[in-house]
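Peer 1: sequence and predicted structure are below.
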Amino acid sequence: MAILGAVSAYATIIVGGIVRGVPGAGTICPDWPLCNGSIVPNLADARILIEYVHRLVAALTGFFMLSTLVAAMLWFRPEMRIVTLSIMSFAILVTQVAVGALTIASDNDWVVVTIHLALGTATLASALIVALVSLWPAKF
């Protein structure tokens, strides 16, 4: 799960870069978590499709990182390094999601977008750390 969280966090950054590079894609869905008032918007417009794919990949990242946290707390509780890192990683992700929503509400204000990008990088870094630490056996 931790590896999937890291891979999907990377994919979210890639798709987010595509959103940023396509004129109007970042503001095509003016509401969040819905897109134009719909759970599944009309995907005929390529800009809506790109923004919606970004949101879906981000949701997948959230699922994998939450699953990693739950697994750490249920099955790896004695491994406090994994539990602690999973909690911290998920907290960064939650902050990232909140700033992502603020990015939309702020009409892509450059300061908020910059914070969103920085938190995306932090999300990827923390997911990678959790994945790597979970692969290394603890030294006793």
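Peer 2: Cool, got the structure. Residues are numbered from 1 along each chain as shown.
Peer 1: can you give me the helices in the chain?
Peer 2: Assigned by DSSP state H, the helices in the chain fall at 2-21, 46-75, 80-105, 110-135.
Peer 1: which helices and strands sit right next to the second one?
Peer 2: Helix 46-75 is packed against helix 2-21, helix 80-105, helix 110-135, with contacts defined by 3 or more C-beta pairs under 8 Å, 6 or more residues apart in numbering; DSSP states H and E. The C-beta positions use only the backbone N, C-alpha and C, and glycine is treated the same way.
Peer 1: redo those as JSON lines? Include mean neighbour count.
Peer 2: Listed next are the helices and strands packed on helix 46-75 as JSON lines, based on neighbours: other C-beta atoms under 10 Å:
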{"stretch": "helix 2-21", "mean neighbour count": "19"}
{"stretch": "helix 80-105", "mean neighbour count": "18"}
{"stretch": "helix 110-135", "mean neighbour count": "18"}
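Peer 1: let's have the ones you listed in a markdown table, adding distance to residue 43.
Peer 2: Rendered in a markdown table, the data for these read as follows (distance: least, C-beta to C-beta, whole Å):
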| stretch | distance to residue 43 |
| --- | --- |
| helix 2-21 | 14 |
| helix 80-105 | 18 |
| helix 110-135 | 23 |
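Peer 1: so which of the ones you listed is nearest residue 27?
Peer 2: Smallest distance to residue 27 across the helices and strands packed on helix 46-75 (C-beta to C-beta): 7.7 Å, for helix 80-105.
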